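> sequence unknown, structure follows:
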């Protein structure tokens, strides 16, 4: 008589686990770039409706929907310095149908400041595509009578601690720029935090604060063109097309002022590669269209089209850079 030898309990458990994994793999959906998408895609914007990111998401969504032949639904989930929307996407199903349409705030500046967040900006997201890159300008209240950065520095040195630098809040990009300027120019200034860029720029134009930092979409037509503020320098590695005669901070002897803002798309970790590839390809196609590129240029943004891998390396590099600055200047998250 032949007896069937049963495996030991540990071996049996290992065998069952292996069979379970194989079954799961056989049942897992196989997504190809040609088949994806088969249903509407949701773009989550982690800020309020009507803002710059929201406007871009809706404009992108319309054209992208035409190319993908599926609707793009824009859903606003603001709050907690954009972390509510970011966490929602990080915890969503990794199927390619929920994406974070955002920028450096969600995955760079907020994590770098040490704010308590319930997602990992590196491990919980796959960077899909970066499509805009913009640089801010340093502006001064026109009524101060200052037209150049050296003149501003001279004014500040003659009045230690009197120069008021507006920011959009504690730990914001403007906050870092104010501290960088004070250190680089060897001047004393005071930062004035506001609840957002809008009130900050309004008070700069009115002379309640002397200087501020804003992106072209925020300051150009509303404040620079009417002569309410004067641009003193662009915080970029090179001059920008809108103001070809405006020198960079680097040209004026102040290094380290490359404070870019960018927009990109992220999906939850584990999203099929085919979905990532298709989204990247179609987004690249959209931003290279002359009409779309012109619209972005009008808002002060450059078109960039990196691969997902290049975008991943870029975001990780920015996160490390902001962490270093946060430590260097002692600017950390503070409960509101």
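Nice, thanks for sending it over. If you're wondering where the values come from, they're calculated on a predicted model, not measured in any experiment.
> pull the distance from stretch 267-280 to the chain's centre.
From the chain centre to the centre of stretch 267-280 is a distance of 19 Å (Cα atoms, centre = their mean, to the nearest Å).
> give me the contacts around it.
Here stretch 267-280 makes contact (Cβ atoms under 8 Å, 6 or more residues apart in numbering) with 29, 31-33, 35-37, 68, 89-96, 98-100, 123-126, 128-129, 265, 307-308. (C-beta placed from N, C-alpha, C; glycine too.)
> any of those residues buried? List them.
Buried members of the contacts of stretch 267-280, counted by 16 or more other Cβ atoms under 10 Å: 31, 33, 36-37, 68, 89-90, 92, 94-96, 98-100, 124-126, 128-129, 265, 308.
> among these, which are in strands?
Members of these lying in strands (criterion: DSSP state E): 98-100, 125-126, 128-129, 265.
> which of those sit farthest apart?
Spatial extent of those (Cβ to Cβ) is set by the pair 98 and 129 at 15.4 Å.
> the longest helix in this protein is where?
The longest helix of the chain (DSSP state H) is helix 308-329.
> any chance you could list what contacts it?
Residues outside helix 308-329 that contact it (Cβ under 8 Å, 6+ apart) are 104, 107-109, 111-114, 121-122, 126-130, 171, 176, 179, 264, 276-277, 280, 306, 331-332.
> strands along this structure, start to end?
With strands called from DSSP E, the chain shows them at 41-45, 72-76, 98-103, 125-134, 136-141, 163-167, 189-193, 211-215, 229-234, 261-268, 301-303.
> name the helices or strands packed onto the third one?
Right, strand 98-103. Packing partners of strand 98-103 (3 or more Cβ pairs under 8 Å, 6 or more residues apart in numbering; DSSP states H and E): strand 41-45, helix 52-68, helix 83-90, strand 261-268.
> ok, the last one next?
Packed against strand 301-303, as judged by 3+ Cβ pairs under 8 Å, 6+ apart, are the following elements: strand 125-134, helix 290-298.
> weakest of the ones you listed by average pLDDT?
Of all the helices and strands packed on strand 301-303, the minimum mean pLDDT falls on helix 290-298 (a mean of 89).
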